[in-house]
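1. Structure of the sequence below:
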Amino acid sequence: MLEKTLVITPTILKSLKRLFTIEQLEGVSSFLEMRPYLVAFLEEAYAKFMDYFPGRKLILSLVPSVRRKDEMTLLIAVQADGERAETLATFNRLKLDWWRHARKQLADLIIITVRHKDIDSSNNGRMVLENLSGIYEGPEDWSAQHNHYLHGTPKE
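-> Presented below is the predicted three-dimensional model:
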């Protein structure tokens, strides 16, 4: 079980900035100040990602929580290029070997994904959706309960 034993200091943030490109630095910093026990997990996550994606840039950012209204989730994204099918297969091995066990401790505080370098530069909406398909980490009942997650209706 993760414990709250760490105070976030500028030194700790500097250390994390060596491992990750941090988008929304103030928001991520505030998120971690409320959950300092996640710092050790992020260090472990970096090592695991580097096992599967050596030398790739890792990005930390905040995104709206899928499961908790008005809350944020920390997103770890690996910057990828090259063959999408191969990248996705590697990412799926990472999820199977490590993430499916690790996420049980996190209570939906962190999600992981892959970002392809060319996604943001594409003006073709279909291409963007195609590149992202199969990558988003959501609840297991997302398909059956999509109205609940998208519109807040009671679960069926």
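
2. can you list the residues that contact stretch 94-111?
-> 1-2, 35, 38, 41, 44-45, 48-49, 51-53, 63, 65-68, 73-76, 112, 137 (C-beta atoms under 8 Å, 6 or more residues apart in numbering). Quick note: C-beta positions are derived from backbone N, CA and C, even for glycine.

3. Filter these down to the buried ones.
-> The neighbour-count criterion (16 or more other C-beta atoms under 10 Å) marks 35, 38, 41, 45, 48-49, 52-53, 66, 73-76, 112, 137 among the contacts of stretch 94-111 as buried.

4. Show me which helix runs longest in this structure.
-> The residue-count maximum for a helix in the chain (DSSP state H) belongs to helix 38-52.

5. So which of the buried ones among the contacts of stretch 94-111 sits lowest on pLDDT?
-> Least confident by pLDDT among the buried ones among the contacts of stretch 94-111: that is residue 137, with 60.

6. Neighbouring strands - and their directions - for the longest strand seen in the chain?
-> Secondary structure assigned by DSSP state E gives strand 72-80 as the longest strand of the chain. Sheet pairing here is set by DSSP bridges, and for strand 72-80 it gives strand 58-64 (antiparallel), strand 110-116 (parallel).

7. Let me know the angle separating it from helix 38-52.
-> 20 degrees (axes from the mean of the first three to the mean of the last three C-alpha atoms, to 10 degrees).
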